[in-house]
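K.L.:
Coordinates only, no sequence provided:
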């Protein structure tokens, strides 16, 4: 058979594309449910990670036990959201002006978790910032990234970077002062950035300032 | 059985590990070698992913080689690679979510890796599936080996750690005035380290030296 004829080439390409499309569609739709479940579980895991709970076996049970989802109203009051409305898009909901606050009961008292969302170097970055009950100091943080450079920008998702935030102060004169800076001075508000990940670090800085500022009505109450 | 591991087949597998290494001799796949070698862990993950994908896409293309129309062969190769990578990534997302999160960046890098296309075009299009499988495996591992060496030096000198174990802090070297070389974690130094490996390899191998 002449594999170089036009007809053969066109038929070959069409058949190949149809087969590949069918296989990919089949794989994608048959695995969709399991994947969604994983994504939801992962969101819960990330929220718990901001509370420095990183090695729970049963993430879902622990989450239900200690975390309550709330929506902040314009005047800074919180309204509880039913648990079955759990979504894995708390971070992007900030863009729609839906400000979630997770109220958590731990042994050490109440903690508040704020989702944040911003831009890194290659793609979106997000995180959860847990504050102590005084709403002024950091209890723990979690940062996630989609496509930051491994070993450089992606270091924001590692424990050594996130631990730098512990016990930092958030508010200064009623404004958000918590941030990331290159060669940060030894003060209560700023955290040292990642070497080689300057743009990602700056992204984290503006993400913290921009997103936490949305919560000022609640933070200043 | 003896035919499966004949001398020629052994060479097909072993050459890419040494005198026909995809990175140091063929100079393919340099882009990803620079991108992911700041730390050992991502370098190893990337090396293994490329090995698996090269081996299997080689087999598939080798099985199809007699039917592929010459004029669209590159497109066919690309479709096979992209489909394979997408399927693997979907399966990982469903059954090994943590691994898939770690791999997310690499998926795109694997598809564009020059080694894959190079091996499909240069080897799998002319050879039988078993040889192609060995060739893919050998080239993947040859790639992984160089990534490991580069990442090893970059992590030690740049971050002062091995597999994220920070020995500089553990030994209190900073008290003696030791500083990590920040330049090492930037991509240009990966090229310099890679160049040093090529230099070493060429000076040891007469066959690789140009007259």
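P.N.:
Arrived safely. Everything quoted here is computed from the prediction, not taken from an experiment.
K.L.:
can we go C-alpha only for contacts and neighbour counts from here?
P.N.:
OK.
K.L.:
Residue of chain A closest to chain B, please.
P.N.:
Closest residue of chain A to chain B, C-alpha to the nearest C-alpha: residue A:35 (4.6 Å).
K.L.:
quick one: that residue and residue B:27, what's the gap?
P.N.:
38 Å (C-alpha to C-alpha, to the nearest Å).
K.L.:
So if I had to pick from these two, which one is more boxed in?
P.N.:
residue A:35 (21 against 14; other C-alpha atoms under 10 Å in any protein chain shown).
K.L.:
okay but that one is in contact with residue B:93, surely?
P.N.:
Yes. Using C-alpha atoms under 8 Å, residue A:35 is in contact with residue B:93, at 5.9 Å.
K.L.:
Return the residues of chain A in contact with chain B.
P.N.:
A:3-4, A:8-9, A:12-13, A:20, A:24, A:27-28, A:31-32, A:34-35, A:38, A:146-152, A:195-196 (C-alpha under 8 Å from any C-alpha of the partner chain).
K.L.:
Give me the buried entries from those.
P.N.:
Among the residues of chain A next to chain B, those classed as buried by neighbour count (16 or more other C-alpha atoms under 10 Å in any protein chain shown) are A:8-9, A:12-13, A:20, A:24, A:27-28, A:31, A:35, A:38, A:146-152, A:195-196.
K.L.:
quick one: the helices in chain A?
P.N.:
For chain A, the helices defined by DSSP state H occupy A:6-50, A:59-66, A:90-93, A:159-163, A:198-213, A:216-219.
K.L.:
for chain B, that is, sorry about that
P.N.:
When assigned using DSSP H, the helices of chain B occupy the ranges B:7-14, B:30-35, B:40-64, B:73-95, B:97-111, B:114-119, B:129-154, B:167-170, B:187-204.
K.L.:
in stretch A:96-105, what's buried?
P.N.:
For stretch A:96-105, the neighbour count (16+ other C-alpha under 10 Å) marks A:99-104 as buried.
K.L.:
now swap in stretch A:56-74 and tell me
P.N.:
A:59, A:63, A:66-72.
K.L.:
Could you tell me the end-to-end distance of it?
P.N.:
Terminal-residue distance, stretch A:56-74 (C-alpha to C-alpha): 35 Å.
K.L.:
give me the residue from chain B nearest chain A.
P.N.:
Counting by C-alpha to the nearest C-alpha, chain B gets nearest chain A through residue B:94, at 4.6 Å.
K.L.:
Thought residue A:30 was touching that residue, still the case?
P.N.:
No. Residue B:94 is beyond contact range of residue A:30, at 9.9 Å (criterion: C-alpha under 8 Å).
K.L.:
Looking only at neighbour counts, state which of the two leads.
P.N.:
residue B:94 (21 against 12).
K.L.:
Next one: the more buried one relative to residue B:149, how far apart?
P.N.:
Taking C-alpha to C-alpha, one finds residue B:94 at 32 Å from residue B:149.
K.L.:
Residue A:130 too?
P.N.:
40 Å.
K.L.:
what's the span of stretch B:56-72 from first residue to last?
P.N.:
20 Å.
K.L.:
related to what we said a few turns ago, out of the buried residues of stretch A:56-74, the closest to residue A:80 would be?
P.N.:
For the buried residues of stretch A:56-74, the minimum distance to residue A:80 (C-alpha to C-alpha) is 4.2 Å, reached by residue A:70.
K.L.:
how far away is that closest one from residue B:186?
P.N.:
42 Å.
K.L.:
what does residue A:35 give?
P.N.:
35 Å.
K.L.:
same deal with residue A:153?
P.N.:
In terms of C-alpha to C-alpha, residue A:153 sits 11 Å off from residue B:186.
K.L.:
shared neighbours, these two?
P.N.:
residue A:196 (C-alpha atoms under 8 Å, 6 or more residues apart in numbering or on different chains).
K.L.:
Between those two, which has more neighbouring residues?
P.N.:
residue A:153 (24 against 21).
K.L.:
list the contacts for the more buried one?
P.N.:
Contacts of residue A:153 (C-alpha under 8 Å, 6+ apart): A:120-121, A:194, A:196-201.
K.L.:
before we move on, what about residue A:111?
P.N.:
A:103-105, A:130-133, A:139.
K.L.:
let's go with 6 Å and repeat that
P.N.:
Residues near residue A:111 by C-alpha atoms under 6 Å, 6 or more residues apart in numbering or on different chains: A:103-104, A:131-133.
K.L.:
Residue A:181 too?
P.N.:
Residue A:181 neighbours (C-alpha under 6 Å, 6+ apart): A:192-193.
K.L.:
Let's see that with 7 Å instead.
P.N.:
Shown in contact with residue A:181 (C-alpha atoms under 7 Å, 6 or more residues apart in numbering or on different chains): A:190-193.
K.L.:
Around residue A:193, count how many other residues there are.
P.N.:
Residue A:193 - counted by other C-alpha under 10 Å - has 25 other residues nearby.
K.L.:
Likewise for residue A:82?
P.N.:
Neighbours of residue A:82 (other C-alpha under 10 Å): 10.
K.L.:
Quick check: it vs residue A:69, distance?
P.N.:
7 Å.
K.L.:
same check, this time on residue A:76
P.N.:
Distance, residue A:76 to residue A:69, by C-alpha to C-alpha: 15 Å.
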